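> Sharing a model that was predicted from the sequence below.
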Amino acid sequence: MVEVLQQIINGIAIGGVYVLIALGLTTVFGILGIAHFAHGSVSMFGGYLTFFFVTSWGIPLLLAILIALLVGLVLGVLIELLAYRPVRDANHINAFIVALGLTMMVEGINLELFGHEQVVIPTDFSRVFNIGGVTIPELRLYVILAAALLIAAMTVFVERTKTGQAIRAVAENRDAAILMGVNVKTIPLVVFAISTALGVCAGVMVGSLFAIAPGIGEGLVVKGFAVLILGGLGSIPGAVVGGLVLGITEALAAGFISSAYKDVIAFVVMISVLLFRPQGLMGKA
């Protein structure tokens, strides 16, 4: 039983990262209908940037994360303006091609600026808590708490603020939102800024919990889309449930079967859900 609880805690930590990635993807998809494949690579850029600030410039970790977040907000706005806005009214295949090209470009930038070596973001969180035989590293606990706070903040923002309500209105019916006075040119900028900021947070978590290396971003975005399909496209509660389910499932599979099968779980989940419940756990039919 203790071993099961241990794997569940591990799964909640990585599941929180998947939720942040999926929230960024689902907000973009819900508003613009774009599969933002570059989201994983952009997340890794945020992780690399934080690592650079901490190790090269000696900036404290929390301040480095804050600066990386601000850079992420600006980067999100630039991505929407320069990459996706020109093809917004074109055929969907155009946005698909742009997303693939943007992924390769961001990966190339990461390689050029930060190299091909695997890096880990250094932290001072080295304590280990033991609760009823379950071992919880301090860093993992902070990752879980940070992910929970970000998910709660995102939920409050979307549900309670005027900007959040405008985002939901555009997602539901763009034409009706225009008639109600919503500035539909500004909303995509806000969505991409928030999406990229969430991705930066996820990249920092991956970089501190595990490591950052070329190619990890693509794997991360696959997990993000698996979460979206599992929870339901465009559903924030679905992204939360799907991320936690996928994270815990992976952790249990790695702990009790083999870590070699851990990454296969995401593809099995996607195929199974598409076959038997295409709308996802919490999506609309």
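Cool, got the structure. Keep in mind the model is a prediction, meaning the values are calculated, not measured.
> other SSEs contacting the lengthiest helix in the chain?
Looking only at the chain and at elements set by DSSP state H, the helix with the highest residue count is helix 2-32. For helix 2-32, the helices and strands in contact under the criterion 3 or more C-beta pairs under 8 Å, 6 or more residues apart in numbering; DSSP states H and E are helix 39-56, strand 134-137, helix 138-160, helix 162-172, helix 187-209, helix 216-231, helix 236-256. Where you see a C-beta, it was placed from the backbone N, CA and C, and this is true even at glycine.
> Against which helices or strands is the second one packed?
Secondary structure elements in contact with strand 134-137, counted by 3+ C-beta pairs under 8 Å, 6+ apart, are helix 2-32, strand 128-131.
> nearest to Leu189, of the ones you listed?
Comparing these against Leu189 with C-beta to C-beta, the closest turns out to be helix 2-32 (10.6 Å).
> Now the closest one: average pLDDT?
Across helix 2-32, pLDDT averages out at 88.
> my guess is Val98 meets Leu82, correct?
No: with contact defined as C-beta atoms under 8 Å, Val98 does not count as touching Leu82 (9.9 Å).
> Out of the two, name the residue with the larger neighbour count.
Neighbour tally, Val98 and Leu82, criterion other C-beta atoms under 10 Å: the higher count belongs to Val98, 21 against 11.
> In contact with Ile216, which residues?
Applying C-beta atoms under 8 Å, 6 or more residues apart in numbering, one finds that Ile216 lies in contact with 40, 44, 206.
> For Ile236, see how far away it is.
Note on Ile216: its distance to Ile236, by C-beta to C-beta, to the nearest Å, is 25 Å.
> re earlier: using a markdown table, please lay out the helices and strands packed on strand 134-137 together with mean neighbour count.
Listed next are the helices and strands packed on strand 134-137 as a markdown table, based on neighbours: other C-beta atoms under 10 Å:
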| stretch | mean neighbour count |
| --- | --- |
| helix 2-32 | 23 |
| strand 128-131 | 10 |
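> Please tabulate those in TSV and include distance to Glu117 as additional columns.
Supplementary listing: the helices and strands packed on strand 134-137 in TSV, determined by distance: least, C-beta to C-beta, whole Å:
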stretch	distance to Glu117
helix 2-32	22
strand 128-131	28
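> Looking at the ones you listed, spot the one closest to Ala260.
Of all those, helix 2-32 sits nearest to Ala260, with 15.9 Å by C-beta to C-beta.
> What is the distance between the closest one and the centre of its chain?
Distance of helix 2-32 from its chain centroid, counting by C-alpha atoms, centre = their mean, to the nearest Å, is 8 Å.
> do the same with stretch 120-130
Here stretch 120-130 shows a centroid-to-chain-centroid distance of 22 Å under the convention C-alpha atoms, centre = their mean.
> residues contacting the residue of the chain positioned farthest from its centre?
Summary for the chain: using C-alpha atoms, centre = their mean, the residue whose C-alpha lies farthest from the chain's mean C-alpha position is Leu179, with a distance of 32.2 Å. Neighbouring residues of Leu179 by C-beta under 8 Å, 6+ apart: there are none.
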